[in-house]
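Q: No letters, just coordinates:
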């Protein structure tokens, strides 16, 4: 066993122990009460306000923590750069789905000429709601990473 291999073993043991810890991130059951619903809508509104203004620094804070780990801010900003500016997003309804909530939403363009309905996925992680970021430009499927 060479010196590099012996030096690598403690790091592997350390990181293996870190990944084993099961209570690091707790995904809560969605929408347990009215207050939880209000927190979701508040964060949803702030997130879409940030996106509409193209304030990607602000919006990035609302994305799922593991997705921020996988996709750095530079990638996030480039991925979202093509979005139009000053559109409006309106929450139509919230559908609890076990570990997450779907927010049925309506997009309205700044000139009011384009509208469509879409579903936004939000997870309650450690008692805080986070947006499930889209990671594909393809319009089909559920856009999982």
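A: That came through fine. Computed from a predicted model, the values in this text were never measured in an experiment. Residues are numbered from 1 along each chain as shown.

Q: Contacts for stretch 36-50 next, please.
A: 30-31, 56, 58-59, 62, 89, 91, 94, 101, 103, 105, 120, 122, 124, 128-131 (C-beta atoms under 8 Å, 6 or more residues apart in numbering). Where C-beta positions appear, they are placed from N, C-alpha and C, glycine not excepted.

Q: Am I right that residue 69 falls within a strand?
A: No. Counting by DSSP: H, G, I helix; E, B strand; the rest coil, residue 69 falls outside a strand, being helix.

Q: how far away is it from residue 83?
A: Plainly put, residue 69 is 23 Å away from residue 83 if you go by C-beta to C-beta, to the nearest Å.

Q: neighbour-wise, which of those two wins?
A: residue 83 (11 against 8; other C-beta atoms under 10 Å).

Q: unless I'm mixing things up, that one is touching residue 53, no?
A: No. In this structure, residue 83 is not within contact of residue 53 by C-beta atoms under 8 Å, at 10.6 Å.

Q: how about the helices in this structure?
A: Using DSSP state H, the helices of the chain run over residues 3-20, 34-52, 56-60, 65-70, 73-80.

Q: Find me the pLDDT at residue 4, would you?
A: On pLDDT, residue 4 comes in at 52.

Q: Equivalent analysis for residue 139, please.
A: pLDDT, residue 139: 50.

Q: on that earlier part again, of the helices of the chain, which shows the lowest average pLDDT?
A: Among the helices of the chain, helix 3-20 carries the lowest mean pLDDT (a mean of 46).

Q: Residue 81 versus residue 129, what's the distance?
A: From residue 129 to residue 81 the distance is 25 Å (C-beta to C-beta).

Q: and the two? which has more neighbours close in?
A: Using other C-beta under 10 Å as the criterion, residue 129 and residue 81 rank with residue 129 on top: 24 against 9.

Q: show me what contacts the more buried one?
A: 39-40, 43-44, 101, 122-123.

Q: Quick check: it vs residue 88, distance?
A: Residue 129 is 20 Å from residue 88, by C-beta to C-beta.

Q: I'd assumed residue 60 was in contact with residue 68.
A: Yes. With contacts counted by C-beta under 8 Å, residue 68 reaches residue 60, the gap being 6.6 Å.

Q: quick one: common contacting residues for those two?
A: With C-beta under 8 Å, 6+ apart, residue 68 and residue 60 have common neighbours residue 76.
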